[in-house]
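Colleague: with the sequence up front, the predicted model follows.
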Amino acid sequence: MTEGLVDFATLQLPDRPSRWLIAPVGATAATPDAVAPPFPLLSADELADRLETELASLERTTRIARVGRRMAFVQRSRVFQFPDAIAAEAIALPDGGSAPILYSVSRVGYFDFGVNRARLEALLDRLRR
């Protein structure tokens, strides 16, 4: 397995508040914190390319890996440079279109003050445009 890539089929969420998972119902082993919206007009490949573009455009963010429609990034905090891992995958929906699976988790500290949630919600807003 390539470094940083998450296998969402087996993902176990850490028991701490410094993480956030957005996914379609039933798409991950873990229960998502929020349900991902469908993108009915985008194929999974198109959505993966848009995810990569949007994630790569975030400040202080580095792509770690991409294999197919799965990707991993690290974003560092502005002041202390603490790393947050961001994993994303675009999946095809049975009735057409696609949906993202998005996971963001702090690598340092117990609390994140809502940063991971805000990051993924802002990403979804950018994808919807």
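Modeller: Nice, thanks for sending it over.

Colleague: looks to me like Arg117 is in a helix.
Modeller: Yes: read with DSSP: H, G, I helix; E, B strand; the rest coil, Arg117 is one of the residues of a helix.

Colleague: now the spatially most central residue of the chain: how far from Ala88?
Modeller: By C-alpha atoms, centre = their mean, the mean C-alpha position of the chain lies nearest to Leu102, the distance being 2.4 Å. Leu102 sits 5 Å away from Ala88, going by C-beta to C-beta, to the nearest Å. Where C-beta positions appear, they are placed from N, C-alpha and C, glycine not excepted.

Colleague: what ranges do the helices span in this protein?
Modeller: Per DSSP state H, the chain has helices spanning 44-56, 115-128. These are given in chain order.

Colleague: most tightly surrounded among those helices?
Modeller: Burial of the helices of the chain is given as mean neighbour count (mean count of other C-beta atoms under 10 Å); helix 44-56 ranks first at a mean of 18.

Colleague: could you pull up phi and psi at Val25?
Modeller: Recorded main-chain torsions at Val25 are phi -60, psi 130, according to degrees, to the nearest 10.

Colleague: any idea how far Ala36 is from it?
Modeller: The gap separating Val25 from Ala36 is 9 Å, by C-beta to C-beta.

Colleague: more neighbours: which of those two?
Modeller: In this comparison of Val25 against Ala36, neighbours counted by other C-beta atoms under 10 Å, the higher total goes to Ala36 at 22 against 10.

Colleague: okay, now the unreliable bits of the chain?
Modeller: For the chain, applying pLDDT under 70 flags the ranges 1-2.

Colleague: so what's the gap between stretch 40-59 and the chain middle?
Modeller: Chain-centre distance of stretch 40-59: 11 Å, with C-alpha atoms, centre = their mean, to the nearest Å.

Colleague: and if you look at stretch 37-53?
Modeller: 13 Å.

Colleague: between the two ends of that stretch, how far is it?
Modeller: The first and last residues of stretch 37-53 sit 19 Å apart, counting by C-alpha to C-alpha, to the nearest Å.

Colleague: so who does the nearest residue to Arg128 once chain neighbours are set aside touch?
Modeller: Sequence neighbours aside, Pro37 is the residue nearest to Arg128 in space, at 7.3 Å (criterion: C-beta to C-beta, 6 or more residues apart in numbering). Shown here is Pro37, whose contacts under the criterion C-beta atoms under 8 Å, 6 or more residues apart in numbering are 99, 124, 128.
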